[in-house]
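Student: Give me a 3D structure for the following:
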Amino acid sequence: MARTEPAAQPRGLRKDAARNRDRILAVAREVRDSGEPLQLNAVAHRANVGVGTVYRHFASAQALREGLVEHQFADLIALAARVTRLRDPVAALREFMAHALALYAADEAFATITTAPTLERSETAALRDELAAAFDRLVQSSAGSLRPGLDATDLLLLLCGIGYSARMRPDKATDYLRAMLDGILADDE
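Tutor: Presented below is the predicted three-dimensional model:
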């Protein structure tokens, strides 16, 4: 379910700089997906750009890891906006969490960066904050249907845990999500 398209370009980026950034991200994605360590010098060499070019876009390997998942934050932010328009807030929450689970299960780096205490890139931090606010609005709209005491942070942590479990047993992802949702939704009795 994870996209392979480049993330949205930062504002004011020249066309040649945008092409270099896209090439760097494409090569970094290949390196990461192959299981090789993400080293900026090696990425620069394989992307056929100067090391300085890579460092201008991504100051460290961690910053590059963050850049690799920014499009997933943007995808979830857009999804949250779409599902918020649904009349049934619980259906909206279910749809959002199913999509988010698919991303967490498919990309361990995304799940890790989503819950990291600090981020290097202000762009990634801003996207994460925007996603957290959008998710919080979804949870707030469903608050009457959730078990008391649960908030957006709790649901995010549970979802990341389910994502980890789904990476171990992909065939069970839907069952895990259903069990979690059944557990967090208050009984209608």
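Student: Contacts only, for the residue nearest to Phe110 when sequence neighbours are not counted.
Tutor: The spatially closest residue to Phe110, leaving aside those adjacent along the chain, is Val69, at 4.4 Å (Cβ to Cβ, 6 or more residues apart in numbering). In short, each C-beta sits where N, CA and C put it, glycine included. Residues near Val69 by Cβ atoms under 8 Å, 6 or more residues apart in numbering: 107, 109-110, 113, 124.
Student: let's see 6 Å
Tutor: The contact partners of Val69, by Cβ atoms under 6 Å, 6 or more residues apart in numbering, come to 109-110, 113.
Student: Am I right that it falls within a helix?
Tutor: Yes - secondary structure of Val69 (DSSP: H, G, I helix; E, B strand; the rest coil): part of a helix.
Student: Ala47: neighbour count?
Tutor: 21 (other Cβ atoms under 10 Å).
Student: contacting residues for it?
Tutor: Residues counted as contacts of Ala47 (Cβ under 6 Å, 6+ apart) are 23-24, 27.
Student: Most neighbours among these, please name it.
Tutor: Counting neighbours by other Cβ under 10 Å, the top entry in the contacts of Ala47 is Ile24, with 25 neighbours.
Student: For Thr53, see how far away that residue is.
Tutor: 7 Å (Cβ to Cβ, to the nearest Å).
Student: Please apply the same query to Glu36.
Tutor: Glu36 is 20 Å from Thr53, by Cβ to Cβ.
Student: Over to the residue lying closest to Pro170 once chain neighbours are set aside. Which of the three states is it?
Tutor: Once flanking residues are discounted, Pro170 sits nearest to Ala105: 6.8 Å by Cβ to Cβ, 6+ apart. Following three-state DSSP, the label given to Ala105 is helix.
Student: Tell me how far Ala105 lies from Arg19.
Tutor: 32 Å.
Student: Looking at these two, which is more packed in?
Tutor: Ala105 (25 against 14).
Student: these two touch, right, the more buried one and Gly161?
Tutor: No - with contact defined as Cβ atoms under 6 Å, Ala105 does not reach Gly161; the gap is 11.1 Å.
Student: what about the strands in the chain?
Tutor: For the chain, strands defined by DSSP state E do not occur.
Student: got any ranges where it has weak pLDDT?
Tutor: Applying pLDDT under 70 to the chain flags the ranges 1-13, 187-189.
Student: where exactly do the helices run in it?
Tutor: Using DSSP state H, the helices of the chain run over 15-34, 40-47, 51-57, 61-83, 89-106, 108-115, 122-141, 152-168, 173-184.
Student: and the angle for the longest one with helix 89-106?
Tutor: Here helix 61-83 runs at an angle of 160 degrees relative to helix 89-106 (axes from the mean of the first three to the mean of the last three Cα atoms, to 10 degrees).
Student: In this structure Val49 contacts Arg19, no?
Tutor: No - counting by Cβ under 6 Å, Val49 does not reach Arg19; the two are 9.5 Å apart.
Student: returning to that earlier point: now, which of the contacts of Ala47 sits nearest Arg178?
Tutor: Nearest to Arg178 among the contacts of Ala47: Val27, at 38.4 Å, using Cβ to Cβ.
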